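Enquirer: Everything below, folded, please.
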Amino acid sequence: MTRSLYRYAVSIVSFIFITSLVFSQEVVDIKPEVLWKIYQKSNSGLSDNNAIRIVIDESGEKWIATEKGGLSNLQDSMWTSYQTSNSGIPHNSIYALAIDAEGNKWVGTYGNGLAKLKRSSQEGVEDEWTTFNSTNSLLPHNWILSTAVDKEGSIWVGAGDQGITKFNGTEWFVFNTLNSEIPNDVVNAIAIDSKGNKWIGTEDGGLTVYDGTSWRVFNTENSRIPSNWVLTLTVDKNDHIWIGMLNGGLAKFDTDTAWTLYDMYNSGLPNNSVYSIAIDKDDAIWIGTGGGGLAQLDGHNWTVYDKSNSSLPKDFVYAVSIDQDNMKWVGIWKGGVVTFR
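Expert: Below is the predicted model:
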């Protein structure tokens, strides 16, 4: 299989010129007091300029999954890089990352399975790495595209083209199109709501929700979802599901029947391919697009940050995360990590 990033890179880039011309009347100007900082290999300890995922733990440390540089960690102003040459990480290409309630990092590699990092709190004691792959476990594929941890501590994994896998620490459960109602075996995104429902975004199969017993599928034939190719999912405090799609824009689903759709023709969204979604402490929605930069939806108002009007080095935003101080951490494809508040 081929990662959708590579398969559709040319078509996504083609949107850049178009989206630079199209803005809704709802778009507002960027505040002049916004302060930016850029972290790249040339000026920091970031191990690779392709930042795929950014996860912030309870202590405020930033964990950055990179395309070729392994896992980067930023604690205060100190950087640590976990690569195959200096740690037990099994591969340097990281496409998925999650943190469980005990602070363990679950690292999904794009080539050598799933790794668990248990950091040592004692000086002189090495960190503990445990690797699960298709050779030493029942993990069905070594290309990990998505991860999420539920309240019971089980890790849910989208592994290659083999559906979704649950690992509870001792047992493995694989759900695919042969033994379940999941609509497609490539799982790009997983999100878990407050009730424990697993929301699963698939490649060309739409959105499905699994409550532990039954499955429900939302696709372009039976719902208002505008694209069956789901790239990212986020659950807000009201259990509304925010869906980012390839060439389908942004959708909000209230888990019943109500859909709210945003695209570059009916809103201030600058590009119809949405790769990341985050929600800040003021309930504003931050949307990373594949060619249109970063967009903020605050109620009905849109603000767009791109390389023409801000310090973003490129307009392909692969990751967005927000820390306790409402600082935005933005992962840029081939542009490093950008922060601002």
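Enquirer: I figured Gln324 hits Gly60, correct?
Expert: Yes. Using CB atoms under 8 Å, Gln324 is in contact with Gly60, at 6.0 Å. C-betas here are computed from N, CA, C, even on glycine.
Enquirer: Which one's more surrounded, these two?
Expert: Gly60 (13 against 10; other CB atoms under 10 Å).
Enquirer: and the more buried one, what pLDDT?
Expert: According to the prediction, Gly60 has pLDDT 97.
Enquirer: One more: Thr257?
Expert: The model reports Thr257 with a pLDDT of 79.
Enquirer: Helix, strand, or coil at it?
Expert: coil (DSSP: H, G, I helix; E, B strand; the rest coil).
Enquirer: quick one: it from Ser223, how far?
Expert: Distance check for Thr257 against Ser223: by CB to CB, to the nearest Å, it reads 9 Å.
Enquirer: What is the three-state secondary structure of Val174?
Expert: On the basis of three-state DSSP, Val174 is classed as strand.
Enquirer: residue contacts, it?
Expert: Residues in contact with Val174 (CB atoms under 8 Å, 6 or more residues apart in numbering) are Leu138, Pro140, Gln162, Gly163, Ile164, Thr165.
Enquirer: got it, and Leu297?
Expert: By CB under 8 Å, 6+ apart, Leu297 lies in contact with Leu250, Tyr262, Ser267, Gly268, Leu269, Ala284, Ile285, Ile287.
Enquirer: Give me the spatial nearest neighbour of the fifth one, chain neighbours excluded.
Expert: Once flanking residues are discounted, Leu269 sits nearest to Tyr262: 4.9 Å by CB to CB, 6 or more residues apart in numbering.
Enquirer: Could you check the pLDDT of that neighbour?
Expert: Listed pLDDT for Tyr262 reads 98.
Enquirer: quick one, strands of the stretch 51-200 of the chain?
Expert: 51-56, 62-66, 71-75, 78-82, 94-99, 105-109, 114-118, 128-132, 144-149, 155-159, 164-167, 172-175, 187-192, 198-202 (DSSP state E, counting those that start in this stretch).
Enquirer: is it possible to export these to CSV including distance to Trp242?
Expert: Formatted as CSV, the strands of the stretch 51-200 of the chain follow (distance: least, CB to CB, whole Å):
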stretch, distance to Trp242
strand 51-56, 17
strand 62-66, 21
strand 71-75, 26
strand 78-82, 30
strand 94-99, 18
strand 105-109, 21
strand 114-118, 26
strand 128-132, 30
strand 144-149, 15
strand 155-159, 18
strand 164-167, 20
strand 172-175, 23
strand 187-192, 9
strand 198-202, 10
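Enquirer: quick one: contacts of stretch 318-325?
Expert: With CB under 8 Å, 6+ apart as the criterion, stretch 318-325 contacts 50-56, 60, 62, 275-281, 286-288, 294, 328-333, 341.
Enquirer: Can you go through those residues and name the buried ones?
Expert: 50-56, 62, 275-280, 286-288, 294, 328-333 (16 or more other CB atoms under 10 Å).
Enquirer: for the closest residue to Lys198 other than its chain neighbours, which residues make a bridge with it?
Expert: With sequence-adjacent residues excluded and distances taken as CB to CB, 6+ apart, Lys198 is closest to Tyr210, at 4.6 Å. Beta bridges link Tyr210 to Lys198, Trp215 when assigned by DSSP bridges.
Enquirer: what's the burial count for Tyr210?
Expert: Neighbours around Tyr210, by other CB under 10 Å: 21.
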